[in-house]
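fold the following.
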Amino acid sequence: MERKNLFCLNLDGETDAYDCGDLLLRQIDARMQAEEKELNDHYHKVLMGPVKSVVYSVIAIPFLMILGFILCEIPALQPYKTGIVGGIGIVIMAIIAVNVILNKKLRKKSTDAARDQVDRFYDRCARALHVPEKAPRVDVFAYLYEEKDGVQKNYYASGAYLAEFSHVFEENGNLCLYSATRVYAVPIASIEEFVQVNEKIRFADWDKETPHNEGKYAPYNIEACENDEYCMNDYYRIRFTHKGTPYELLIASYDIEPFLEIVPLTPTTV
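From the prediction side, this is the model:
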């Protein structure tokens, strides 16, 4: 049986749950699930929708063009026709320039507010799911795929993984991983392998304030690649079997410390 990535997601599926339901320890209730959908729908609507400055421009520019046409048709103003057209043209250009500036500011303000709502919601989720406040945030590598004719195809043409953040902690003999609305549990006793893999891994989505080549990340020689993807020379891998299904968990080297404290195995190198 092929080993499955713990964070494996079918993008054609009906839910946003990873393909590891047998490892699910707990998740938010139906009420919070409905709230999550509402908040995310609002966030994407704000992200993709027009802002007020655009709407005002749609009204103002045609009005000025019509006004210019009317003024140019007045016989008494014919000697000033060129000036009228030039003046209105300058005003329209000024409106467009101001609109571009306002558009950026208004969009950032509205998206930041919507994003803040979503972030506060996930903070509530963590509390509802009894995730320890001090549980460290770590990057694990998720495998996103689309299924065609029964064959899995990596979502990223380059074969990259997604750097998916999680929070890790120990609970009742389990290595627990919290991801947004769910907590997954890996029985520590079932872990068969804990290794450092000395081969390149390619991943997408660097969502940290610190650049990939600065601060704590600098020693790992993370390289920026095309298509907003990144490459790193090594990673860690935990393998285990649960209810007859073989799994693996791929972990970013720069976030390995919490796992070293929880997993009672010394990583070997392969």
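
any idea how far A157 is from the nearest residue to R239 once chain neighbours are set aside?
Nearest residue to R239, sequence neighbours excluded (C-beta to C-beta, 6 or more residues apart in numbering): E193, at 4.0 Å. C-beta: built from backbone N, CA, C; applies to glycine. Counting by C-beta to C-beta, to the nearest Å, the gap from E193 to A157 is 30 Å.

which one's more surrounded, the two?
Between E193 and A157, E193 has the larger neighbour count (other C-beta atoms under 10 Å), namely 13 against 8.

now the strands: where do they sit in the stretch 101-250 of the chain?
137-148, 151-154, 161-171, 174-179, 182-187, 191-197, 201-204, 223-224, 229-232, 235-242, 245-252 (DSSP state E, counting those that start in this stretch).

of these, which shows the lowest average pLDDT?
Within the strands of the stretch 101-250 of the chain, the stretch with the lowest mean pLDDT is strand 151-154, showing a mean of 78.

can you give the strand pairings for it, parallel or anti for each?
strand 137-148 (antiparallel) (DSSP bridges).

just the buried residues of the partner strand, please?
If you call a residue buried by 16 or more other C-beta atoms under 10 Å, then strand 137-148 has these buried ones: 138-145.

with just CA atoms, put it into PDB.
Output of strand 137-148 as PDB, limited to C-alpha atoms (Å, rounded to 0.1, in the frame of the first residue of the first chain):
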ATOM      1  CA  ARG A 137       3.500  26.900  15.200                       C
ATOM      2  CA  VAL A 138       5.400  24.700  12.700                       C
ATOM      3  CA  ASP A 139       5.500  24.200   9.000                       C
ATOM      4  CA  VAL A 140       4.600  20.700   7.600                       C
ATOM      5  CA  PHE A 141       4.500  19.900   3.900                       C
ATOM      6  CA  ALA A 142       1.000  19.100   2.600                       C
ATOM      7  CA  TYR A 143       0.300  17.300  -0.600                       C
ATOM      8  CA  LEU A 144      -2.500  18.800  -2.700                       C
ATOM      9  CA  TYR A 145      -3.800  16.900  -5.600                       C
ATOM     10  CA  GLU A 146      -6.600  16.600  -8.200                       C
ATOM     11  CA  GLU A 147      -8.000  13.200  -9.100                       C
ATOM     12  CA  LYS A 148      -8.600  12.400 -12.800                       C
END
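
now the buried residues of strand 137-148 in JSON lines, with distance to A252?
Formatted as JSON lines, the buried residues of strand 137-148 follow (distance: C-beta to C-beta, whole Å):
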{"residue": "V138", "distance to A252": "7"}
{"residue": "D139", "distance to A252": "4"}
{"residue": "V140", "distance to A252": "7"}
{"residue": "F141", "distance to A252": "7"}
{"residue": "A142", "distance to A252": "11"}
{"residue": "Y143", "distance to A252": "14"}
{"residue": "L144", "distance to A252": "16"}
{"residue": "Y145", "distance to A252": "20"}
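
still on that earlier bit, where's the residue nearest to R239 relative to D123, distance?
Going from E193 to D123 by C-beta to C-beta gives 34 Å.

got it, and V270?
Shown here: V270 relative to D123, a distance of 38 Å by C-beta to C-beta.

swap in L129?
L129 is 11 Å from D123, by C-beta to C-beta.

quick one: which of these two has more around it?
L129 (19 against 12).

winner for burial among the strands of the stretch 101-250 of the chain?
Of all the strands of the stretch 101-250 of the chain, strand 174-179 has the most neighbours on average by mean count of other C-beta atoms under 10 Å, namely a mean of 22.
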